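Undergrad: Provided below are the primary sequence and the corresponding predicted coordinates.
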Amino acid sequence: MHVTFDSAADLAEALRRAEAAHGRHEAEIGHPDPDWPDWYAQYMVHEQAGDAGPASPGASG
C-alpha cells in the first residue's frame with residue numbers, strides 16, 4: 001500500500017494519533033516498545049486503509 005499525506009500538518013496529525021494509540025499499546029503490554037517506529041508505521045498504514053481501530057498493530061506482542 002502506498003501511504004501519502006496532503007500536507008505536513010496532516011502527517012503531524014497522523015503521528016499524533018499514532019502516538020496516542022501507541023501509548024495505550026504500551027500500557028497494555030506493560031513495558032516500553034523498542035520497535036515503536038515499526039508500530040507507528042503499521043498503525044498509519046492501517047489507518048489510511050480504514051482499518052485503524054481498537055486493535056493495535058502487532059498486538060500479539
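TA: Perfect, I can see it now.
Undergrad: and the gap between Arg17 and Gly30?
TA: 22 Å (Cβ to Cβ, to the nearest Å). C-beta coordinates here come from the backbone N, C-alpha and C atoms, glycine included.
Undergrad: between those two, who's got more neighbours?
TA: Here Arg17 and Gly30 are compared on neighbour count by other Cβ atoms under 10 Å; more neighbours surround Arg17, at 15 against 6.
Undergrad: Could you check which helix or strand contains that one?
TA: helix 8-29 (DSSP states H and E).
Undergrad: Follow the chain on from that helix and name the next helix or strand.
TA: By DSSP H and E, the next helix or strand past helix 8-29 is helix 36-48.
Undergrad: Would you indicate which residues of that next one are buried?
TA: Using 16 or more other Cβ atoms under 10 Å as the test for burial, helix 36-48 gives Trp39, Tyr40, Gln42, Tyr43, Met44, His46, Glu47.
Undergrad: I'd say the fifth one and Glu19 touch.
TA: No - with the criterion set as Cβ atoms under 8 Å, Met44 and Glu19 do not qualify as a contacting pair; they are 10.8 Å apart.
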